[in-house]
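Asker: Sequence first, predicted model second:
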Protein chains: 2
Amino acid sequence: MHSRMAMNWSEIDFDWNQVRAFLATVEEGSLSGAARALGTTQPTVGRQVSALEQGLGVSLFERAGRGLVLTPSGAAILEAVQEMGSAAARISVVAAGQNDSVAGRVAISVSDMMAIHIMPDILRKIRDKAPEIEIELIVTNDISDLLRREADIAIRHVEPTEPELIGRQIRSGVARFYASDAFIAKHGCPRRLAEAKDLPMIGFAAPQAMADELARRGLQISAGTIQFYSGAICAAWAMVEAGLGVGLMSEDMAEDRRGLRRILEDEPTLPVDMWLVTHRDVRTSRRIRLVWDILRTELAP
Amino acid sequence: MHSRMAMNWSEIDFDWNQVRAFLATVEEGSLSGAARALGTTQPTVGRQVSALEQGLGVSLFERAGRGLVLTPSGAAILEAVQEMGSAAARISVVAAGQNDSVAGRVAISVSDMMAIHIMPDILRKIRDKAPEIEIELIVTNDISDLLRREADIAIRHVEPTEPELIGRQIRSGVARFYASDAFIAKHGCPRRLAEAKDLPMIGFAAPQAMADELARRGLQISAGTIQFYSGAICAAWAMVEAGLGVGLMSEDMAEDRRGLRRILEDEPTLPVDMWLVTHRDVRTSRRIRLVWDILRTELAP
DNA sequence: TGTGCGCCAAACAAAATTGCATGGATTTTT
DNA sequence: AAAAATCCATGCAATTTTGTTTGGCGCACA
């Protein structure tokens, strides 16, 4: 019995893997790039795309010397192709959630500072409690996309807004300003914000973006004071330690740092939230649930 | 920020065709039924579903003697799978709309010699592969103007320089000198260029233009030896066959000619290139692309 | 209870796909 | 302006996938 309307199979007799090759090619911009992304070879991707063109009776790319250019026909089907891709990603997410084996891989996405200062101890605990779980630590300072299953669990600093994601606030710390001893020896140790406003500052993002973000939290900083910055927070902190400027840092992480001193005693408190986030569908997996619980316990205030 | 999120390919490493097999199995109720619907065989569908189960790490069906029963995990991914299927169907529909029907006219511009000696066989092949395509053969010895859409595809002997045109070199032959048996009986068969320089020659262009062109290619010919000429190459060749003079001709075309003999064994080789040329914009058209591909295959060395 | 029918699983031969190596072409770099 | 780096196409060998055939199992029906 067919509870649903039966599919018209003759309409989709083309090879679905060829669609995947096409999508990868569009996203990567070249056949070679698509091959790298898919873990196959350029001739294979090229032939699959050609076969799709022939199967659909449309030419999708114009071979233009270096690289390919999407034809109008290619652009026309692109939206449906992308939807097919995101449905495939959802299959992966849901299937991962259905997998109730404890043994297997769990991917956790964290910032580099977390990876260096906090995760090692937690990973040891995970190994003790569940040695058959294999952890992939994805280190990125971008928010990684749980919807596409780049990671199973992520630690973010903002509450997730997507309805498919569930987040649990695990800790709220405070960020403060720090500088190296050498820096203080040279510039003095400012106690009040007013004294510090001309000191060079190390940023974690482009100066204007960082100034805007701080302003949103009630701290007026001129973008001009940010001379150096790096999205890699540990690199930014190396700059602070080298005495290149003052830096803003979560309190509990700064404790470990040697040669750093807190400055600005009257600064407004900058709350730093921490959220443990996962996908509603993968959370049902026993293995992921186990890791989730360990993280939640260990990261509790 | 990336508004266009790239796909996470490493996690979507399962075979998309396996998803199709799973969907067909669910909708048809059995592996055999799915095989019938997909136009394949039951073992194939069975193996694809098994491979999907292994790839996702989840069991999708309960093998229950006669027939299969969906497991909870199978039911969980079903929605996303169906969405993938409907996206696939949409691709097919959109592509069909984009598919400018293959029926229609394609104009090919060729020289008269090509039209007579080479095109007939190729036209037969085009008719076999795509009977609904109507071919107009534009016979001209001028470089026909693709930019003005006099023709959709042209065969030229020089590489196109215009950026709007794309050309593909398909063959490089050699031109040699030939004369009719009657001519040789009367004038002898010159073996060296020096012996021939006073023999009457049939031209394909105005004597001085032809002499200049040959000089550019390293062959010194006096314009005065060209007594008769015609831009219509086949007319010029009728003159050669009638014994009015010697003629220069592409080797592969001369082979077919009866009553002609090659002369001048020490002549410098005159390369004759052949380029398939079309306009960038029309190349995306399905039927023109089809004809292009046939021409390219058939004219390959 | 025996028989027929439909379905899934397994073994082996055939076919299709893939990967590798290479060549041609174009853009970027030095 | 030459050289390096990419990128796509193609020929050929190897692997993978598919098709064919056969056998086992459960269910329906006489």
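Answerer: All right, it came through fine.
Asker: For the stretch 201-301 of chain A, just list every one of the helices.
Answerer: Listed from the start of the chain, the stretch 201-301 of chain A has helices (DSSP state H, counting those that start in this stretch) covering A:207-216, A:233-241, A:251-254, A:286-298.
Asker: Next, see if the last one gets close to chain B.
Answerer: What that stands for is helix A:286-298. No. Using Cβ under 8 Å from any Cβ of the partner chain, helix A:286-298 never reaches chain B; the gap is at least 10.3 Å. (Glycine included, C-beta is placed from N, CA and C.)
Asker: hang on, the earlier thing: mind putting the helices of the stretch 201-301 of chain A in CSV, distance to residue B:76 included?
Answerer: Supplementary listing: the helices of the stretch 201-301 of chain A in CSV, determined by distance: least, Cβ to Cβ, whole Å:
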stretch, distance to residue B:76
helix A:207-216, 39
helix A:233-241, 38
helix A:251-254, 39
helix A:286-298, 14
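Asker: Select, out of these, the one closest to residue B:72.
Answerer: Across the helices of the stretch 201-301 of chain A, residue B:72 has its closest neighbour in helix A:286-298 (14.0 Å, Cβ to Cβ).
Asker: tell me the contacts of residue A:103?
Answerer: A:132-134, A:287 (Cβ atoms under 8 Å, 6 or more residues apart in numbering or on different chains).
Asker: Looking at the helices of the stretch 201-301 of chain A, which one is packed in the most?
Answerer: Of all the helices of the stretch 201-301 of chain A, helix A:233-241 carries the top mean neighbour count, a mean of 19, counting by mean count of other Cβ atoms under 10 Å in any protein chain shown.
Asker: what mean pLDDT would you report for it?
Answerer: For helix A:233-241, the mean pLDDT works out to 84.
Asker: Output the contacting helices and strands for that helix.
Answerer: Counting contacts by 3 or more Cβ pairs under 8 Å, 6 or more residues apart in numbering or on different chains; DSSP states H and E, helix A:233-241 packs against helix A:112-117, strand A:165-180, strand A:201-203, strand A:226-229, strand A:247-250.
Asker: what does the helix or strand following the second one rub up against?
Answerer: I take that to be strand A:165-180. From strand A:165-180 onward toward the C-terminus, using DSSP states H and E, the following helix or strand is helix A:181-187. Contact with helix A:181-187 is made by A:179, A:199, A:240, A:243-246, A:259-261, A:263, as judged by Cβ under 8 Å, 6+ apart.
Asker: Tell me the buried residues within those residues.
Answerer: Burial of the contacts of helix A:181-187 was assessed by neighbour count (16 or more other Cβ atoms under 10 Å in any protein chain shown); the buried members are A:179, A:199, A:240, A:243-246, A:260, A:263.
Asker: Which of the residues you listed sits closest to residue B:80?
Answerer: Minimum separation from residue B:80 among the buried ones among the contacts of helix A:181-187 (Cβ to Cβ) is found for residue A:240, which lies at 46.0 Å.
Asker: Tell me who's in contact with that closest one.
Answerer: By Cβ under 8 Å, 6+ apart, the contact set of residue A:240 is A:178-180, A:183, A:202, A:246-247, A:249, A:260.
Asker: Likewise for residue A:138?
Answerer: If you count contacts by Cβ under 8 Å, 6+ apart, then residue A:138 has A:107-110, A:144, A:150-151 around it.
Asker: Check residue A:141 too.
Answerer: If you count contacts by Cβ under 8 Å, 6+ apart, residue A:141 has them with A:111-112, A:204, A:231-233.
Asker: Let's see that with 10 Å instead.
Answerer: With contacts defined as Cβ atoms under 10 Å, 6 or more residues apart in numbering or on different chains, residue A:141 is in contact with A:110-114, A:204-205, A:230-234, A:236.
Asker: what's the answer for residue A:126, then?
Answerer: With contact set as Cβ under 10 Å, 6+ apart, residue A:126 has these partners: A:106, A:108, A:119, A:133, A:135, A:290-291, A:294-295, A:298.
Asker: what do you get for residue A:135?
Answerer: A:105-108, A:119, A:122-123, A:126-127, A:152-153, A:291.
Asker: which among those residues gets closest to residue A:95?
Answerer: Closest to residue A:95 out of these is residue A:152 (12.2 Å), distances taken as Cβ to Cβ.
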